[in-house]
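Visitor: Below are the sequence and a predicted model for it; my questions follow.
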2 protein chains.
Amino acid sequence: MVTGNGLSIGIFVFDEAEELDVAGPFEVFAAWAQRSALHPHLSTFSWDGGGVRLAKGLRLVPDRSANDVGPLHVLVYPGGHGTRSLLADSEHLEWLRAMRAQTPLLASVCTGALVLAAAGLLAGRPATTHWDHYDELALLDPSVLIDTEARFVDDGDVVTSAGVAAGIDMALHVVARLESTEVADLVRRDLQYEPPAGPGA
Amino acid sequence: MVTGNGLSIGIFVFDEAEELDVAGPFEVFAAWAQRSALHPHLSTFSWDGGGVRLAKGLRLVPDRSANDVGPLHVLVYPGGHGTRSLLADSEHLEWLRAMRAQTPLLASVCTGALVLAAAGLLAGRPATTHWDHYDELALLDPSVLIDTEARFVDDGDVVTSAGVAAGIDMALHVVARLESTEVADLVRRDLQYEPPAGPGA
């Protein structure tokens, strides 16, 4: 349970981020903001604050830039094809490491975990990613303990989720962890989302 | 099975459309476009072609306007608070009836069904909407046969889905219907989406 107002959640958006990787957690956290006694504040941000074109063509205008996003409690890092250039961008990885040092919870969706791994943030830790990218994650950091069964892996200050839609499950889990399972279930019902019965393929 | 190229899918976006109502079907149909032998073409459009601010604050820039969207095979109508002003807008309802007459498949998500009902397009037909809005749908058109169990209702040329996340199930169903269950399952796996085991609450 987090106490106090002003719990801030930021979703990083970038060119070729996957649409549902962004919109799934966004929807969950925004619905939570309407329900919560904790008054979480949700925003989206891009590197330079400019609009982005997502992986399948949807164009988003974010709220702010990485410079302006301010301190976060939760940083959501989506996946998508755009992660491939980000994980090779040393300035970006340096920024991510600096954010990591001051953000209580770093949450990746899908291939967002590849960027976390490239930044060295998953070394020796359990994590997951999209089922079709386990090999890529292992190549980036062989010390990552890849969980091939979980919808998401909660390793305390880092939560990684499996592919695309699993970001919804991860976000609901974060709501349960930060507030309560009761509130997370209200959010789930608001969104008429039904969690999968078993491990996802 | 639809044959021939150029199958066109349009997602209508508007101020205060619900984020996941838009992004769920968008993601499914866009992933389908990458998989399909039918080469479906997906676009988003707003009434005037301008950017929209969705229900929880996400800002989208659509591909075109309602005037420019051209003939569609599938028109997706999302829900969200913005439907309340649209269902009272006679010019918009007239446009929707005209689209209906020339579009083989009209598919609503969540409270998008309210606008379809206001336009008279659900009269005497089975349909569904978000679980918290059955009464509102019945008030708009008492002749609608509301299915309170289904994730989506396929009534041939009109498919309506339950709340928010149920739009993902509806879109996967449309893919199965227009191409095949095999391709729909490939798309589902790409998105690592697990359909619910039973009726959604």
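Guide: Yes, it's here.
Visitor: How many residues are close by A:A30?
Guide: 25 (other Cβ atoms under 10 Å in any protein chain shown). Where you see a C-beta, it was placed from the backbone N, CA and C, and this is true even at glycine.
Visitor: That one contacts A:L42, doesn't it?
Guide: Yes: A:A30 lies in contact with A:L42 (Cβ atoms under 8 Å); the separation is 5.4 Å.
Visitor: what's the overlap in contacts for these two?
Guide: Residues touching both A:A30 and A:L42 by Cβ atoms under 8 Å, 6 or more residues apart in numbering or on different chains: B:56-57.
Visitor: Setting the sequence-adjacent residues aside, check what's closest to A:S36.
Guide: A:E179 (5.7 Å; Cβ to Cβ, 6 or more residues apart in numbering or on different chains).
Visitor: Ramachandran coordinates for the one you found?
Guide: phi -120, psi -80 (degrees, to the nearest 10).
Visitor: How many residues are close by it?
Guide: With other Cβ under 10 Å as criterion, A:E179 counts 21.
Visitor: Helix, strand, or coil at A:L106?
Guide: Assigned with DSSP: H, G, I helix; E, B strand; the rest coil, A:L106 falls in the strand class.
Visitor: what about it, how many residues close to it?
Guide: Counted by other Cβ under 10 Å, the residues lying close to A:L106 total 23.
Visitor: got it, and A:R125?
Guide: For A:R125, using other Cβ under 10 Å, the count is 18.
Visitor: Could you measure from the spatially closest residue to A:Q102 that is not a sequence neighbour over to chain B?
Guide: Once flanking residues are discounted, A:Q102 sits nearest to A:P71: 6.4 Å by Cβ to Cβ, 6+ apart. Going from A:P71 to chain B by Cβ to the nearest Cβ, to the nearest Å gives 20 Å.
Visitor: likewise A:E194?
Guide: A:E194 is 3 Å from chain B, by Cβ to the nearest Cβ.
Visitor: cool, A:A17 as well?
Guide: Remark: distance between A:A17 and chain B (Cβ to the nearest Cβ) = 12 Å.
Visitor: What's the local residue count around that residue?
Guide: A:A17, neighbours per other Cβ under 10 Å, totals 30.
Visitor: so who does it touch?
Guide: Contacts of A:A17 by Cβ under 8 Å, 6+ apart are A:52, A:54-55, A:78-80, A:82-83.
Visitor: Where do the strands of chain A begin and end?
Guide: Assigned by DSSP state E, the strands in chain A fall at A:8-12, A:41-46, A:52-53, A:59-61, A:64-65, A:74-77, A:105-108, A:126-127, A:145-146, A:152-154, A:158-161.
Visitor: So which of these is nearest chain B?
Guide: Closest approach to chain B among those is made by strand A:59-61 (4.0 Å; Cβ to the nearest Cβ).
Visitor: Spell out which strands sit alongside that closest one in the sheet and which way each one runs.
Guide: strand A:52-53 (antiparallel), strand B:59-61 (antiparallel) (DSSP bridges).
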